[in-house]
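*Asks:* Got a sequence here, can you build the structure:
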Amino acid sequence: MKKNILIVLLMSITQISFSIYTLIDSEPERLVRFEPIQENSIVLPTHFAKPFIIDQSSMQELEGKIIYHIELVYTAYRQSADFDQKKLNDQRMNQLMQLLPKINEDKPGWSLVEQTGATNANEAKDYYHGFVIHYTDGISYNDLQNYFEPLKPIATVCTIDNATGGTCTHTSGSTIVMQPNSVVDQSGKLVQGTYEISYREYRNQAEIAVSGIPMTYDETGEALNFSSVGMYEINATQNGEILTLQTPATINFNCTSREENVSFYQMNETGKWTSIHEIKFADPIPIVREMPVVKEAIPTKMRSLHGETFFGAGLSLWPFFGLMSSRITMSQQGDSTLVKMDRKSWRTFKLWEHKKDTVLPIMYISSVHKKKHVWVKSEHANWFGRVVTNREAIQHPEKMKNIQQPENEIGSTMLAAGADAGHTYPTIVAGLNSPDFGVYNCDQVYRMGNTVALAPTYKNAANGHEILDKYVVCVLDLNYNGSFSFAPNRIVCNPTGRNVILLFTKDKKMFMLDEENFAALKNEGTRPIMSMTDITKDVKSSEDLKNIIGI
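*Replies:* Modelled structure (predicted):
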């Protein structure tokens, strides 16, 4: 990935008169009484109604740490009507900035905490006043890569001859096309011989959570969130040396679904996203490849004519329209199953397959040719096929081999007529150019809406003890395909979302608060106690995590 050079111009902090209110876009958090007890934080106290920090000894704990959030705590009680709390807060802030210049480098968030319990000056003096500095060892994209590596989806690794180029196919059906002489070493010299392409996809919330990839996008100063229809990461090495692209790789990417307002993004090495172009899915088109029919797998009966209809081998068909005709043909090869409905009107529907008590969509029916067969594409395997009528399959199974594709259904790029070049049906987006090795994303953007900042206490549900050595929290709203990483002391979410909270510790333990238990916290305010389940032993991969979350 190309290097980005950041030039920073520094000014003396003593020349800046700083107001905390320019950094805060929300009302103070109001508590009866604040107790600064969170792990990975220090306190810098002041006296009641006085500006100066009276104890700076804990600042040494910040050595080698990253400051990510600062709270300024004060009491709402005023000794006089003309007391200016804003002025006092500004005085405190300017002193902190002079004492702790690394704030300019770390660029933490800020918030105010106003205590409402004191009713007189003597009570107020017993309350905490001053700063709480929250820090972390680092949870940027680069920080999280090694931490999450054991849990990431398995990468597809292909050997490519640089002189000729080649194509690599991922298990999702995505293909990676490398042009001849497209890869150079770190010195810019053309790579000789073969090299290895490593290609990995992140297709659901669990995989995105353990990717460590940031899911926010800053568009003209407005922070938006991503809901992904698929991300991929591509890199290349030769004998352990990281290589560089000089000619873009072409990715024919199988998105997770067809959605509106999807765009293609590239992430730089600091985790910042750049929009490349919009993605437009083409209209449905037939598929070129054939799949032989296996006569023995064709059922001749159904159990019912509506609702969820079952066909043997643990398969069921759920229609999206009215009653079903009883003339249905299925053919099977290995784990792949096809279905045809003999109706006057053909419509799209899904076939579902039961696996370990979980129902998963496995294919779409896309088109009809002369009402004799339909073309289908598997959503979870790289195959295509055609289904014929029941009578043909039973009486003349030999005719089902080597069936010629109708001329108007053939196309080397599988483009629909008039479709934007490079975009295909049903979820393949062809011709995505990747100019650098790195991370790319096909995403919708959205505003989270009403948000709340939470400062939780995390406890082990098994024993009630506080969970210590916390490292990073991932917040998943199951209404969207994404995950957002936070330092544990302060997380942000939509309180009405379908939230799942994952907590990871420095010693690689993993805890979860599921959707139901998160919803039960709605009356606990902004500093809830989260009683979390230890799932460490049950999660060895992103697939395990996906199954536990239930997505």
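
*Asks:* alpha carbons only for contacts and neighbour counts from here, please
*Replies:* Noted.

*Asks:* mind checking the longest strand of this protein?
*Replies:* Assignment by DSSP state E gives strand 222-238 as the longest strand of the chain.

*Asks:* Just checking: what are the partner strands of it?
*Replies:* strand 194-202 (antiparallel), strand 216-219 (antiparallel), strand 241-242 (antiparallel), strand 438-446 (antiparallel) (DSSP bridges).

*Asks:* Show the subsequent helix or strand relative to the shortest one.
*Replies:* Translated: strand 241-242. strand 244-245 (DSSP states H and E).

*Asks:* Where does the nearest residue to residue 35 once chain neighbours are set aside fall, secondary structure wise?
*Replies:* Sequence neighbours aside, residue 128 is the residue nearest to residue 35 in space, at 7.5 Å (criterion: CA to CA, 6 or more residues apart in numbering). In the assignment (DSSP H and E), residue 128 maps to no helix and no strand.

*Asks:* quick one: residue 128 and residue 49 touch, right?
*Replies:* No. Residue 128 is not in contact with residue 49 according to CA atoms under 8 Å; the separation is 11.3 Å.

*Asks:* JSON lines please, covering the strands paired with strand 222-238 and showing distance to residue 462, mean neighbour count and mean pLDDT.
*Replies:* As requested, the strands paired with strand 222-238 are arranged in JSON lines below (distance: least, CA to CA, whole Å; neighbours: other CA atoms under 10 Å; pLDDT from 0 to 100):
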{"stretch": "strand 194-202", "distance to residue 462": "32", "mean neighbour count": "21", "mean pLDDT": "97"}
{"stretch": "strand 216-219", "distance to residue 462": "34", "mean neighbour count": "16", "mean pLDDT": "85"}
{"stretch": "strand 241-242", "distance to residue 462": "45", "mean neighbour count": "13", "mean pLDDT": "96"}
{"stretch": "strand 438-446", "distance to residue 462": "37", "mean neighbour count": "22", "mean pLDDT": "92"}
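
*Asks:* Turn those strands into TSV, including distance to residue 268.
*Replies:* Listed next are the strands paired with strand 222-238 as TSV, based on distance: least, CA to CA, whole Å:
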stretch	distance to residue 268
strand 194-202	17
strand 216-219	12
strand 241-242	16
strand 438-446	8
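
*Asks:* Quick one: closest of these to residue 82.
*Replies:* Ranking the strands paired with strand 222-238 by distance to residue 82, with CA to CA as the measure, places strand 216-219 first at 40.5 Å.

*Asks:* Give me the contact list for that closest one.
*Replies:* 223, 224, 225, 226, 272, 273, 445 (CA atoms under 8 Å, 6 or more residues apart in numbering).

*Asks:* Filter those down to the buried ones.
*Replies:* With burial judged by 16 or more other CA atoms under 10 Å, the buried subset of those is 224, 225, 226, 272, 273, 445.

*Asks:* Touching, residue 451 and residue 492? I think so.
*Replies:* Yes. Using CA under 8 Å, residue 451 makes contact with residue 492 at a distance of 6.6 Å.

*Asks:* Please enumerate the strands of the stretch 151-300 of the chain.
*Replies:* Taking DSSP state E, counting those that start in this stretch as the test, the strands found in the stretch 151-300 of the chain are 156-161, 166-169, 175-178, 183-184, 194-202, 216-219, 222-238, 241-242, 244-245, 249-254, 262-267, 273-279.

*Asks:* Worst mean pLDDT among those?
*Replies:* Among the strands of the stretch 151-300 of the chain, strand 216-219 carries the lowest mean pLDDT, at a mean of 85.

*Asks:* mind listing what residue 71 touches?
*Replies:* Listed by CA under 8 Å, 6+ apart, the contact set of residue 71 reads 110, 111, 112, 113, 131, 132, 133.

*Asks:* Can I get those in JSON lines including secondary structure?
*Replies:* Compiled in JSON lines, the contacts of residue 71 are given as follows (DSSP: H, G, I helix; E, B strand; the rest coil):
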{"residue": "110", "secondary structure": "strand"}
{"residue": "111", "secondary structure": "strand"}
{"residue": "112", "secondary structure": "strand"}
{"residue": "113", "secondary structure": "strand"}
{"residue": "131", "secondary structure": "strand"}
{"residue": "132", "secondary structure": "strand"}
{"residue": "133", "secondary structure": "strand"}
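
*Asks:* Could you give the number of residues near the residue nearest to residue 35?
*Replies:* Neighbour count of residue 128, defined by other CA atoms under 10 Å: 21.

*Asks:* List the residues that contact it.
*Replies:* Residue 128 neighbours (CA under 8 Å, 6+ apart): 34, 35, 45, 73, 74.

*Asks:* Hmm, the last one is touching residue 130, no?
*Replies:* Yes. Checked against CA under 8 Å, the pair residue 74 and residue 130 is within contact range at 6.7 Å.
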